[in-house]
Structure formats: structure tokens, C-alpha cells
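Visitor: From the sequence below, what's the structure:
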Amino acid sequence: MNIDPKNWIDLSGKVAHVTGGAMGIGRGIAQALAAAGARVAVSDVDGDGARRTAGEIGGHAITLDVSDRAAFEAALDETAAKLGGLDILVNNAGVYTGFGGPVRGITDEMWRELWSINVDGVFYGCRAAARMMIDQGRGGRIINLASTQSITPGVGVTYDGSKGAVLQITRALALELAPHKINVNALAPGPTWTRSPEAPPITGRPPEPTGDPLADTVASRIARLPLGHWADPMELGKAAVFLSGSMSDFVTGIYLPVDGGWLVL
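Guide: Purely as a prediction, here's the structure:
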């Protein structure tokens with residue numbers, strides 16, 4: 001048997017679409033997939049940002065609001081037409097509206113806006129990708145961005161609830177799509193620094209309590225993070241390459257924390 005580990009992460013000939021790729025985790029994932037050889041379409045509601053990322057990696061940019069069903073379907077059609085089908089969809093686009101605040105202050109509009117992107121957008125992408133991948137008959141990979149908050153609440157009912165839904169969508173589709181050789185998995189980022197300048201050091205000393213139990217819980221966990229530093233978006237990108245390549249051929253329906261030990265606290 002000829003075993004060459006270099007081939008395990010080779011995505012040459014694969015076509016990927018990454019939503020929310022203008023910056024942060026989405027940008028890191030797009031960069032990593034392209035570095036592994038994939039042809040990558042980068043979409044974002046920020047069209048200029050999508051074009052910047054696509055320009056960096058030699059990819060194709062699409063302006064997309066994932067909460068618009070018809071636009072999402074058209075974006076995947078454009079990806080297939082421009083790049084030659086669809087093998088990998090990364091549903092990364094999402095919003096995080098601070099700590100959410102107490103439930104008594106959450107308006108219907110706040111709830112719907114967040115869920116329309118974090119949940120409806122994931123569903124629209126999964127459905128459109130599944131249809132396309134089944135018709136192509138060559139299998140595929142769907143990677144949804146969940147969160148550590150899918151398991152351990154602490155940010156707020158809007159965000160935590162939406163990411164819990166993403167996790168269960170992932171599990172259900174893993175069962176449904178397995179006969180079509182479509183693997184469906186979730187990445188769960190922990191504290192990830194997505195802004196400039198570079199992430200500040202984690203000192204191990206929790207900040208002074210603010211009186212907000214949600215904010216204080218998150219700040220305390222970050223201060224005690226076992227690996228002692230913020231994640232870089234490329235660390236999520238590396239995990240996405242794993243879930244996209246042959247190393248994960250027998251992996252589906254999982255929730256992969258990339259969290260620096262957050263969930264063992």
C-alpha cells in the first residue's frame with residue numbers, strides 16, 4: 001500500500017464556497033482551502049471585502065446576503081458555473097450582537113435579524129448545496145460554523161439558541177445525506193481574534209466584574225483558557241481543511257471544537 005500523507009490534505013480539483021469570507025474566520029478558512037489547492041468562491045454581504053479576500057487567494061467573489069434564499073441559490077449556481085461545480089460549502093456567515101442582554105430586553109426584530117442569518121442562512125445553504133451535490137453525483141462536504149455556545153451557554157439566548165440550532169441541523173443532515181456520500185460536520189470556534197491589531201495577551205486575571213452575568217461568565221472563561229491565547233482565524237482554516245479532505249472521509253455528524261480548551265473548563 002502506497003501511503004503518502006501529503007495527499008491527505010490535497011484539495012486540488014475541488015471547488016469550495018465560503019460564506020462570510022470578507023474577514024475574520026471566513027477569510028482564514030478561504031485562505032486555508034485555497035492553500036490546500038481548492039478553487040474557492042468567497043461570498044459576503046460586504047462585496048468589497050469579498051473581492052479583497054478573493055483577490056488574495058485567486059478566487060471568485062460574490063456579494064451575498066445569506067438570509068436571502070434566492071440570492072444564496074444563485075450564488076451557488078454562479079460558483080458552479082465559474083469554477084466547475086461544488087464540492088465543499090462552508091456556512092460561515094453569521095452575526096454576533098454582543099452579549100445579547102437579558103431576555104426581557106430582546107425585541108422581536110433583534111431575534112429575527114440574528115436568526116435569519118445564523119439559522120435561516122445555514123439552512124438555505126445546506127439545502128441548495130445538497131441539491132447540487134446530489135445531482136452532481138460525486139459526494140461533497142458541508143461544514144457549518146457552530147460555536148462553543150452550541151454546548152455551553154453564556155452569551156445570550158439569541159446567539160446561543162441560534163448556534164444550538166446549527167449543531168442539530170448538522171447532525172440531522174449528516175444522517176440524511178450520508179447515502180449520497182455528503183459529509184456534514186460543524187466547526188465550533190472558541191475565543192477567536194478577528195480584528196486588528198493583534199490579539200492582546202490572556203493574562204489569567206479576570207477583569208473586574210461588570211455586574212452583567214453573561215459578560216462576566218465569558219470574560220472569566222477567556223481568562224482561564226487552558227491554551228492561554230486567542231485563536232487565529234487560520235486555526236479554524238486548518239480544521240476546515242481537515243473536514244474537507246480525505247483525512248475525514250469517515251467523519252460525519254461531528255462537532256469539532258477549535259477552542260483552546262474552552263469546553264473542558
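
Visitor: List the buried residues of stretch 258-265.
Guide: Within stretch 258-265, the residues that qualify as buried are Val258, Asp259, Gly260, Trp262, Leu263, counting by 16 or more other C-beta atoms under 10 Å. Placement of C-beta: from N, CA and C, glycine included.

Visitor: meant to ask about stretch 243-255
Guide: Leu243, Ser244, Gly245, Ser248, Thr252, Gly253, Ile254, Tyr255.

Visitor: Over to stretch 144-156?
Guide: Applying 16+ other C-beta under 10 Å to stretch 144-156 flags Asn144, Leu145, Ala146, Ser147, Thr148, Gln149, Ser150, Ile151, Pro153, Gly154, Val155, Gly156 as buried.

Visitor: So which of those are in strands?
Guide: Within the buried residues of stretch 144-156, residues falling in strands by DSSP state E are Asn144, Leu145.

Visitor: a markdown table for the buried residues of stretch 144-156, including distance to Glu176 and pLDDT?
Guide: Formatted as a markdown table, the buried residues of stretch 144-156 follow (distance: C-beta to C-beta, whole Å; pLDDT from 0 to 100):
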| residue | distance to Glu176 | pLDDT |
| --- | --- | --- |
| Asn144 | 14 | 99 |
| Leu145 | 20 | 98 |
| Ala146 | 18 | 98 |
| Ser147 | 23 | 96 |
| Thr148 | 26 | 95 |
| Gln149 | 25 | 92 |
| Ser150 | 19 | 95 |
| Ile151 | 22 | 93 |
| Pro153 | 27 | 85 |
| Gly154 | 31 | 78 |
| Val155 | 29 | 81 |
| Gly156 | 30 | 86 |
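
Visitor: No further questions, thank you.
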